[in-house]
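**Q** Build me a structure from this.
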Amino acid sequence: MYNGWFWQATMSHNVIIHFRCEGRMYCLVLKHAVEEINLSMVEAHICKKVGLDECNVKLKLSYIPLLVGSDEKFVICDDEDLCGYLLSPDKDNRRCILLVEVIKRSELSEKLSRAGKRSSKRSSRAGKRNFVGTNYEVCHSNDDEIGDKTITRYGGDNQVDKQHE
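**A** Now for the predicted structure:
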């Protein structure tokens, strides 16, 4: 019984993550409790393991959850998503393989600049009115009424303040 307890106590502070990056499988052993692990820590360990410079890359972490009937990737965006991943082993205590996509900072800035160009084209079509999240046909309709007895005020920086009378 002592050996079992000792193994469980020492293993409870080791989190093992198997991940695939650029066509190769890797294994990380983080000597921390799950609650102490955050996304930036995992990203730093992955970069070190794979030999990437953190300053020149952005990592996109995802996995396919062990849910019946689900084959959709779940992207890990923050610490809460990561905690959900780390705390979701199956009944045999197995965890999904973490999928790591490496995005070079130069590629990322190109994508952002292209997205900015598309955004500026859309905003020039709409004139000076702000239509974020609105259907194009709705933007050009003459029906400016949002709801019964609702006033919409536009302030500086396109901030919307709605009031009900």
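
**Q** Now do the SS call for Cys83.
**A** Cys83 falls in the helix class when you classify it by DSSP: H, G, I helix; E, B strand; the rest coil.

**Q** and Ser106, how many residues sit next to it?
**A** Per other CB atoms under 10 Å, the neighbour tally for Ser106 reads 9. Placement of C-beta: from N, CA and C, glycine included.

**Q** sec struct for it, please.
**A** helix.

**Q** same thing with Ser40?
**A** helix.

**Q** Per-residue pLDDT of it, please?
**A** Ser40 carries a pLDDT value of 97.

**Q** Quickly note the distance from it to Gly69.
**A** 33 Å (CB to CB, to the nearest Å).

**Q** Looking at the two, which one has more neighbours?
**A** Neighbour totals were compared for Ser40 and Gly69, and Ser40 leads with 11 against 5 (other CB under 10 Å).

**Q** Which residues are in contact with the more buried one?
**A** Listed by CB atoms under 8 Å, 6 or more residues apart in numbering, Ser40 has no contact partners.

**Q** if I look at it, how far off is Lys91?
**A** Taken as CB to CB, the span from Ser40 to Lys91 is 31 Å.

**Q** tell me the domain ranges of the chain?
**A** 2-106, 108-164 (automatic domain parsing).

**Q** Comparing the ones you listed by mean pLDDT, which bottoms out?
**A** Of all these, domain 108-164 has the smallest average pLDDT, which comes to a mean of 53.

**Q** what bridges to the closest residue to Pro65 other than its chain neighbours?
**A** Closest residue to Pro65 apart from its sequence neighbours, by CB to CB, 6 or more residues apart in numbering: Phe74 at 5.5 Å. On the basis of DSSP bridges, Phe74 is bridged to Tyr63.
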